[in-house]
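Engineer: Turn this into a model:
(chains A and B)
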Amino acid sequence: MKEAMKGDILPRRIISGFALTGMAIMIFILFFLVKESLPILRETSLLQILGGKEWYPTYAPPSFGMLPLITGSVAVTLLSALLAIPLSLGLAIFLSEACPRLLREFFKPTLEILGFLPSVVLGFIGMMVLAPWLQERFDLMTGLNLFNASVLMGIMIVPIVASIAEDSLSSVPDDLRDASYAMGATRWETTTRVVFPAALPGILEACLLGVMRAVGETMVVLMAAGGSAVIPKSVFDAVRPLTSTIAAEMGETPVGSGHYHALFFAGLLLFLFTWAINLFAARIEARGRRWRE
Amino acid sequence: MKKLSILFVALFVGVLAAGAAFAGNLVVNGSTTVLPISQSAAEAFMAENKDVKISVSGGGSGNGIKALIDGTCDIANSSRFMKDAEAKLAIEKGVYPVPFAVAIDAIVPIVNPSNPVKNLTTQQLQEIYTGKITSWKQVGGEDKPIVVVGRDTSSGTYEVWEEKILKKEKVTPKAQVVASSGAMLQTVSRNKYAIGYDGLGYADDKSVKMLTVNGVKADAKTARSGKYPVSRYLFVFTKGWPTGDVLDFVNFMQSDEGQKIVVKQGFVPLR
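Structural biologist: Here you go, the predicted model:
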C-alpha cells in the first residue's frame, strides 16, 4: 500500500510543479503588463485613453486616444466572427452528422492542418490578391480595409471553431440520436432539436475560442486592415486594431516614454478583453456540465 | 566536407551561445533601414577577417539604441540621430554614445505608375499628408481621390518625413499605415489612387513611380548636395570611442569598399 502511494507522489509533485510554473509565468506576465502600463495614467486620464479619438503618440503634446483602435479591434473581431461562425457551424454539423465516414477521416485532419496556416501567409494573400480585387470590383479607395482583414481572419478561425464544435457534436451520445429516431424524428429534426442543443455549450465555447483568436491576431490585421486610426463608418474603411498598433510602433519607441506605456496599456486592454471572454466561456462550460448531469 | 559542415554548425551554435560577451564577436542591432548595408558590410568584413564574427539584426532604431545602452549590442544602427531622452538615459547608465555617419538616405514620394502626376512641391506634399488636399485634381492630376499611405509613427522613415514634409503638423488620421518599406512599395504599386514614400534604396521606377520634389529628382548627387529636400544621414552608434574590432568594422563601413556596398544597396554614399 505504502509502496503504491510512493509511486503516486513523485508524478504528482512533478505535475504540480509544472502547473505551478505555468501559473507563476502567467502571474508574472500580468504583473509586468500592469507595471509597464500604469504609468500612462500619470500623463493622461483613463477617460481620455478609452474615449479619446486622437491617436498621436509621438507629437508634442501627445494624445493617446485609443477609441479608434479599440473600435478597430472590436469591428474586425465581430465582422470576422459574423462571417466565420455560421460557416464553421455548418461545417461542423456536416462533418459530424451527415458526412460519410471515409470522407470525414480525410476532411477533419485537412481542416485542422488549415488551422496551422501561418497568418503572415494569409496577410500576404490579402495584400497581393484580395485587396486589388476588392478595389477593382467595388471601385473602392483602397482594398486594404476592415472587410479584407475580416475575411482573412474568418478563414483563420473557421478551422478552430469548426473542429472544436465538431468534437462537441460528435461527443453527444448516440443514445440520444437513437431515441430521437425511435420517436419518428427525421435526421434534420434530430440534428437541430436534439443533437445541437445537447452540444450547445461546447459549440458556444468553440465560438468564443475563435473570437479570442481573432482579438489577439496581429499579422493579418497589420498587413490587410489598412491601418487608419479612425472609427470605421463602413465595412470598406481602413481600420487599425490595437494589436497592429502595438506591432507597428513598439519597435522604435523609446523605452519608458509615454508612448511606450500607452502601448503596454493597449496590451493590457487586449488581455482584459480575452480574459473576459475566457471567464464567459468558463461560465458556459460550468452551466453545460450542470445540464448534462 | 561533412566534417567541415559539422564544424561550421558547431561554430554557429558556439557563436549564438557566446553572444556579445565573447571576444571577436560583434553584435549589431537597430534600424531596419540600415540593415541591408550592415548585413552586406558584415559579410564582406568577415570574409577578410576570419577570426571576427558579426551578427546583425534589425529591431528598429529605438531598439538598437536601447540595446546599446543595455549592453546587449556593440553597434547600434540608426536611421535618425539619437533623441535627447535616449542620450540622457545613456549617460545616466554610464554609456557615452558616439555617432558615425555611414550613408545618406533620400526619401522619395511614390505613386502608382498609372498616375500622370510627375512632380509635387513640399507644400503640396504637406497638404496631402495633413488631409487638406484630397483629390489628385488639386495637384494637376485626374479627378480621383488621394489615398494617403504613411509609415508607422515610430519608424525612422516616418520621422524624416515628419521633419522635412509635415513640419510638425499632424498627419491625417485617415492615412493608411504600413509597417515596412517593402509593404509600402506593395501597397502603392497595387493602388492606383495611392501616394506613399520610401527610401531611395527601396523605391524603384518599375512597380511604382518616383515623383520629383520641387522639381528636383532624387538621386545621389542631389541628395548629397542637399538640393533634394527630403534626405537624411544614416548612423551607427558605438559605446564610447570604439576600439578593436568595433573600430575596424566602423572604419570598414566608411572606407571606399564599405561605401561601394552602400551604393549597391541603393543608398547614397558619403562621398
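
Engineer: Tell me the predicted confidence for residue A:108.
Structural biologist: Reading off the confidence values, residue A:108 has pLDDT 87.

Engineer: quick one: the helices in the stretch 1-150 of chain A?
Structural biologist: Remark: helices assigned in the stretch 1-150 of chain A by DSSP state H, counting those that start in this stretch are A:2-37, A:40-43, A:46-51, A:67-93, A:101-114, A:119-125, A:131-138, A:146-170.

Engineer: who does the longest one touch, helix- and strand-wise?
Structural biologist: This points to helix A:2-37. helix A:258-292 (3 or more Cβ pairs under 8 Å, 6 or more residues apart in numbering or on different chains; DSSP states H and E). Bear in mind the C-beta positions are built from the backbone N, C-alpha and C, glycine included.

Engineer: go on, the last one?
Structural biologist: When contacts are defined as 3+ Cβ pairs under 8 Å, 6+ apart, helix A:146-170 sits against helix A:67-93, helix A:101-114, helix A:119-125, helix A:131-138, helix A:196-216, helix A:219-224.

Engineer: go on, the second one?
Structural biologist: Contact analysis of helix A:40-43 by 3+ Cβ pairs under 8 Å, 6+ apart lists helix A:258-292 as its packing neighbours.

Engineer: if we go to 10 Å?
Structural biologist: Taking 3 or more Cβ pairs under 10 Å, 6 or more residues apart in numbering or on different chains; DSSP states H and E as contact, the helices and strands that helix A:40-43 lies on are helix A:46-51, helix A:258-292.

Engineer: try the fifth one
Structural biologist: Contacts defined by 3+ Cβ pairs under 10 Å, 6+ apart place helix A:101-114 against helix A:67-93, helix A:146-170.

Engineer: Just the buried residues of stretch A:269-284, please?
Structural biologist: A:269, A:270, A:271, A:273, A:274, A:277, A:281, A:284 (16 or more other Cβ atoms under 10 Å in any protein chain shown).

Engineer: whoops, I mixed them up, stretch B:208-228
Structural biologist: B:208, B:209, B:210, B:211, B:212, B:213, B:218, B:222, B:223, B:224, B:228.

Engineer: now the strands for the stretch 51-200 of chain B?
Structural biologist: B:53-56, B:75-78, B:97-111, B:119-120, B:147-151, B:176-178, B:194-199 (DSSP state E, counting those that start in this stretch).

Engineer: what does the fourth one contact?
Structural biologist: I take that to be strand B:119-120. Contacts with strand B:119-120, where a contact means Cβ atoms under 10 Å, 6 or more residues apart in numbering or on different chains, come from B:109, B:111, B:126-128, B:133, B:139-141, B:165, B:195, B:211-217.

Engineer: Where does pLDDT dip in the stretch 1-150 of chain A?
Structural biologist: Low-confidence segments of the stretch 1-150 of chain A, defined by pLDDT under 70: A:1-6.

Engineer: Near the residue in the stretch 1-150 of chain B that chain A sits nearest to, how many residues? Count them for me, please.
Structural biologist: Using Cβ to the nearest Cβ, the closest approach of the stretch 1-150 of chain B to chain A is made by residue B:60 at 3.3 Å. The local packing of residue B:60 (other Cβ atoms under 10 Å in any protein chain shown) involves 26 other residues.

Engineer: Could you list the domains of chain B?
Structural biologist: B:5-104+B:233-264, B:106-225 (automatic domain parsing).

Engineer: and those domains as CSV, adding mean pLDDT?
Structural biologist: CSV is the format used below for the domains of chain B (pLDDT from 0 to 100):
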stretch, mean pLDDT
domain B:5-104+B:233-264, 84
domain B:106-225, 89
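
Engineer: which residues does residue B:215 contact?
Structural biologist: Taking Cβ under 10 Å, 6+ apart as the test, what residue B:215 contacts is B:118, B:119, B:120, B:121, B:227.

Engineer: tell me the phi and psi of it?
Structural biologist: Residue B:215 adopts backbone torsions of phi 80, psi 0, taken as degrees, to the nearest 10.

Engineer: Could you measure from residue B:197 over to chain A?
Structural biologist: Distance of residue B:197 to chain A, computed by Cβ to the nearest Cβ, to the nearest Å: 15 Å.

Engineer: Give me the distance between residue A:71 and chain B.
Structural biologist: Residue A:71 sits at a distance of 12 Å from chain B (criterion: Cβ to the nearest Cβ).

Engineer: and the closest residue to that residue other than its chain neighbours, helix, strand or coil?
Structural biologist: Spatially, and ignoring its direct neighbours in sequence, residue A:71 is nearest to residue A:231 (4.8 Å; Cβ to Cβ, 6 or more residues apart in numbering or on different chains). Assigned by DSSP: H, G, I helix; E, B strand; the rest coil, the conformation of residue A:231 is coil.

Engineer: about what we covered before: JSON lines for the strands of the stretch 51-200 of chain B, including mean neighbour count?
Structural biologist: Output for these, formatted as JSON lines (neighbours: other Cβ atoms under 10 Å in any protein chain shown):
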{"stretch": "strand B:53-56", "mean neighbour count": "20"}
{"stretch": "strand B:75-78", "mean neighbour count": "29"}
{"stretch": "strand B:97-111", "mean neighbour count": "22"}
{"stretch": "strand B:119-120", "mean neighbour count": "20"}
{"stretch": "strand B:147-151", "mean neighbour count": "26"}
{"stretch": "strand B:176-178", "mean neighbour count": "27"}
{"stretch": "strand B:194-199", "mean neighbour count": "26"}
